[in-house]
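J.: Fold the stuff below for me.
(chains A and B)
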Amino acid sequence: MTACALDYATNSDPLLRLALQSGIAVFAITLLLLAAILILRLFADHREAREATIRDEWQPVFLHAIDGLAYAMPRIHGRDRELILLVWLQFTEMLRGAARERLREMARELQLPGTALRLLHRGDMRGRLLATVGLGRMQASEAWDALARLMTDENPVSSLLAARSLLQIDAPRAAAPLMAAIARRDDWSRAGVATMLGDARDAALGPALLATLAASNDAEATRLLPLLDVVPGADRWPLLAPRLATEAPDTLVAALKAVADPRALADVRRLAGHAAWPVRAQAATTLARVGKEDDLALLQTLLADREWWVRYRAAAAMLRMPGVTREWLGALAAGATDRYAADMLRQVMAEAATGGAA
Amino acid sequence: MSGTGGHGWLVALQWGFLCYFILLNGGYILLNLLSLISLRRHLDRQSLDQLPRSHTGFDPPISLLVPAYNEEATITPSLKSLLQLDYPEFEIVVINDGSKDGTLAELTREFALLPFPEAYRRSVPCKEVRGIHRSTRYPNLRVIDKENGGKADALNAGINAARCPLFCAVDADSILQRDSLRKVVRPFVEDPLTIVAGGTVRIVNGCRISGGFLSEVGLPETLLVRFQVIEYLRAFLFGRLGWTPLNAVLIVSGAFGLFKTTEVIAAGGYRRDTVGEDMELIVRLHRIHRLRGTPYRITYVPDPICWTEAPESLKVLRAQRTRWQRGLAESLTMNRTLLLHPRGGAAGWLAFPFFVLFEFLGPVLEVCGYALIIVGTALGIFSWAAFDVFMFVALSFGLLLSVTALLLEEMSFRLYRKPSQLAQLLLAAILENFGYRQLVAFWRLQGLWRWATGSAQHWGEMTRGSALRNTPP
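T.: I've put the predicted structure just below:
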């Protein structure tokens, strides 16, 4: 490239022309984007107006259906079916019992399962998510295979929603594959899984959880153990015992959280001396649940732990131990030679007095 | 200028500017495309957000850390609105950072504080804590009274007192949406690898506030603040959203961000020797995790969930921008080992070089470019035609980026609903290119100069306007 080519002195300079042309191109794109903004605004306004109309038309119909009253169906345009599905879901998610059942019947009458299935197969992501949730709420067994495939999808959001829908459609059938998936998937939201199982409250879940837990490795067990509190009716002790002997701190913490059986006491006492502080802190909390008066001495040693959280949990546990009074703890704090232990005892007692704790 | 012989250096310089210009705008346009993908993904999820949701009972508890320095006038309404946040379990830790006014007395009176015998834990460094107080009216409200040490020091003191697995750093003068915590916690709930989630900050000037919450979105009266509205749209809608899918977000606003407490403690907390402590922490977390090869995610929530007051005077705005630029320079240089590190990933190989080239050096090249063309034209080295073309191209690209941000806003949240608001924003997007952007570039250059010369940086006193006060209906 010669210097002349970059000479900005004349209008005949090719670089200048190139710059001008790119400027014009960028400016033209900007104008196009401005037009796009205006068009988007018009479309959005139109869509909102249409949505408002549909809501106005359908809300009374859904309300009648919920109350078990007769209703006249408004005429349905194909393009509105997705929005009607959304409005239907908004009502359904708020309801329980017979009212929800009546809306489910109405969905069948409106052929919403077919709409949802079409969306599931051909819709965009937004439509697919809506369809996944809707099919579960409609208990559309015809969607079982599609949802089972979706449960193995790598997208954690859609796969977890598919799992939830399968559970809603047929919990006993879903239980075993669902528990296997929960054990395997470390990308599923733990809160989402717990909420899903808590909502389902199906008797088939307990045995499935125990069976999966029995065959799980440490990492899988860490994901499954917290569910013991959510799934009712599971006898946890036979499965917890081996988990309390593992080396993995995360698994130990999960197992200690699930312990409610005095048979675990020896293990809990042993784990109060574990090298990992989260395990010691959890052991202190668990001691408050299953420990005896003799464990106060062990908790007192934990009050001198180098980790703040262990001291805090130990002090909080002492307060909950049988036979312990605030006066006794106060005297213990006053006589403590370890300043950290005394400070922690005073804090926990003050928290208990003011009604707040971590 | 003849362009032959004697002006070879000028030619090289022009080529340099041209290449830089192409890279800069190409980079931003790429970021825009990435933002579109992220935004689309986010909006897909929003169809489900329209469904009623009850508290799951499994949302992790959050410690809200509110540093306060001389906030006597605003701290009570701020806290009262924070106490009304819609979230199942959270605590508020106010850190009175050695205020010289009556902040502590105001807090004691309004929230019935009593001294609390807390076994204060010092996980990260901070100045001496004088006392800890607890509200007898709100069991989830505590106040740490400490020696003055700056915002980073105050946040560290708050981290030491935080009891929850997540903490949220909130500016005392910010207005949060009632569902802010619910939205910003979602990445943590959905992805166990998440260690930080940043929230989108918007400008509150011109909005209506009622009961401590935003009740109606409006536009500020002055053009200066409207320019900042456009800047915030650009900064958040593609400046941060674009980096999210690459896990390379380098900035989380100090006004609102949610952090995994143990991760920040393990990283050493906020550094107290920088004015950009919020950005520095994020870059450091990237550096630590990338270099160790531990999986993590730093993400960003595009929903507008935090509203902050923008400076209404040139003096305050200048102080803010020079501080931001200095903070950026410090954050990058303090973590320079991340730059092009073999294990740096997208953060070290894309975001960091991008920030060095375009955010750190940008003001230098921008101001030099403008100076060169103006002086060159005045001296007759460049023709007026060249001057016109240069300005036209620069302004066209500037306008393109602003309009793209507006397009993203229109595609997503559509907060400015009235056609007149849209028109005002478009006008501001055009007008900011005539003087405002150049002025900001100059201030940023000043910030770099202060960083390079090591001159003392003082926190700019933010003159509170009327934006945060309740507005009558």
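J.: C-alpha from now on. contacts and neighbour counts both.
T.: Will do.
J.: could you give the mean pLDDT of the lengthiest helix in chain A?
T.: For chain A, the helix with the greatest residue count under DSSP state H is helix A:14-67. Regarding helix A:14-67, the rounded mean pLDDT is 89.
J.: Give me the contact status of that helix with chain B.
T.: Yes - against chain B, helix A:14-67 shows contacts by C-alpha under 8 Å from any C-alpha of the partner chain at A:16, A:19-20, A:22-24, A:26-27, A:29-30, A:33-34, A:36-37, A:40-41.
J.: Any idea how many residues pack against A:R122?
T.: Using other C-alpha atoms under 10 Å in any protein chain shown, A:R122 has 11 neighbouring residues.
J.: same deal with A:D145?
T.: 11.
J.: Make sure I have this right: it is in a helix.
T.: Yes - under DSSP: H, G, I helix; E, B strand; the rest coil, A:D145 falls within a helix.
J.: picking that back up, gap between the longest helix of chain A and the chain center?
T.: How far helix A:14-67 lies from its chain's middle: 33 Å, per C-alpha atoms, centre = their mean, to the nearest Å.
J.: what's the spacing between the host helix or strand of A:A317 and its chain's center?
T.: Here A:A317, judged by DSSP states H and E, is contained in helix A:308-320. Distance, stretch centre to chain centre, for helix A:308-320: 29 Å (C-alpha atoms, centre = their mean).
J.: Stretch B:363-381 too?
T.: The answer for stretch B:363-381 is 31 Å, by C-alpha atoms, centre = their mean.
J.: Buried residues, it. List them.
T.: Buried positions in stretch B:363-381, judged by neighbour count with 16 or more other C-alpha atoms under 10 Å in any protein chain shown: B:363-367, B:369-370, B:372-374, B:376-377, B:381.
J.: related to what we said a few turns ago, packing partners for the following helix or strand past the longest helix of chain A?
T.: Moving toward the C-terminus from helix A:14-67, the next helix or strand (DSSP H and E) is helix A:81-94. Secondary-structure packing of helix A:81-94 (3 or more C-alpha pairs under 8 Å, 6 or more residues apart in numbering or on different chains; DSSP states H and E): helix A:14-67, helix A:97-109, helix A:112-122, helix A:125-137.
J.: Between helix A:125-137 and helix A:81-94, find me the angle.
T.: 50 degrees (axes from the mean of the first three to the mean of the last three C-alpha atoms, to 10 degrees).
J.: export helix A:81-94 as CSV, just CAs?
T.: The C-alpha trace of helix A:81-94 is given here as CSV (Å, rounded to 0.1, in the frame of the first residue of the first chain):
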residue,chain,number,x,y,z
ARG,A,81,-54.2,-21.6,20.8
GLU,A,82,-50.7,-21.0,22.3
LEU,A,83,-51.9,-18.0,24.2
ILE,A,84,-55.0,-19.9,25.4
LEU,A,85,-52.7,-22.6,26.6
LEU,A,86,-50.7,-20.1,28.6
VAL,A,87,-53.8,-18.5,30.2
TRP,A,88,-55.1,-22.0,31.0
LEU,A,89,-51.8,-22.8,32.7
GLN,A,90,-51.8,-19.6,34.7
PHE,A,91,-55.2,-20.6,36.2
THR,A,92,-54.2,-24.3,36.6
GLU,A,93,-51.0,-23.5,38.5
MET,A,94,-52.9,-21.6,41.1
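J.: quick one on the thing from earlier: in JSON lines, list the buried residues of stretch B:363-381 along with distance to chain A, secondary structure and pLDDT.
T.: Formatted as JSON lines, these follow (distance: C-alpha to the nearest C-alpha, whole Å; DSSP: H, G, I helix; E, B strand; the rest coil; pLDDT from 0 to 100):
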{"residue": "B:P363", "distance to chain A": "21", "secondary structure": "helix", "pLDDT": "93"}
{"residue": "B:V364", "distance to chain A": "22", "secondary structure": "helix", "pLDDT": "93"}
{"residue": "B:L365", "distance to chain A": "18", "secondary structure": "helix", "pLDDT": "90"}
{"residue": "B:E366", "distance to chain A": "17", "secondary structure": "helix", "pLDDT": "88"}
{"residue": "B:V367", "distance to chain A": "19", "secondary structure": "helix", "pLDDT": "91"}
{"residue": "B:G369", "distance to chain A": "14", "secondary structure": "helix", "pLDDT": "86"}
{"residue": "B:Y370", "distance to chain A": "15", "secondary structure": "helix", "pLDDT": "86"}
{"residue": "B:L372", "distance to chain A": "13", "secondary structure": "helix", "pLDDT": "85"}
{"residue": "B:I373", "distance to chain A": "10", "secondary structure": "helix", "pLDDT": "85"}
{"residue": "B:I374", "distance to chain A": "13", "secondary structure": "helix", "pLDDT": "87"}
{"residue": "B:G376", "distance to chain A": "10", "secondary structure": "helix", "pLDDT": "83"}
{"residue": "B:T377", "distance to chain A": "10", "secondary structure": "helix", "pLDDT": "86"}
{"residue": "B:I381", "distance to chain A": "7", "secondary structure": "coil", "pLDDT": "81"}
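J.: chain center to stretch B:295-311: distance?
T.: With C-alpha atoms, centre = their mean, you get 7 Å for stretch B:295-311.
J.: Just the buried residues of the residues of helix A:14-67 next to chain B.
T.: For these, buried by 16+ other C-alpha under 10 Å: A:16, A:19-20, A:22-24, A:26-27, A:29-30, A:33-34, A:37, A:41.
J.: Please produce JSON lines containing those residues, extended by distance to A:R326.
T.: Listed next are these as JSON lines, based on distance: C-alpha to C-alpha, whole Å:
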{"residue": "A:L16", "distance to A:R326": "85"}
{"residue": "A:A19", "distance to A:R326": "81"}
{"residue": "A:L20", "distance to A:R326": "82"}
{"residue": "A:S22", "distance to A:R326": "79"}
{"residue": "A:G23", "distance to A:R326": "78"}
{"residue": "A:I24", "distance to A:R326": "80"}
{"residue": "A:V26", "distance to A:R326": "75"}
{"residue": "A:F27", "distance to A:R326": "76"}
{"residue": "A:I29", "distance to A:R326": "74"}
{"residue": "A:T30", "distance to A:R326": "72"}
{"residue": "A:L33", "distance to A:R326": "70"}
{"residue": "A:L34", "distance to A:R326": "70"}
{"residue": "A:I37", "distance to A:R326": "67"}
{"residue": "A:R41", "distance to A:R326": "65"}
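J.: separation between whichever residue of the stretch 101-250 of chain B sits closest to chain A and B:N160?
T.: As assessed by C-alpha to the nearest C-alpha, chain A sits closest to B:E190 within the stretch 101-250 of chain B, at 4.4 Å. Here B:E190 is placed at a distance of 26 Å from B:N160 (C-alpha to C-alpha, to the nearest Å).
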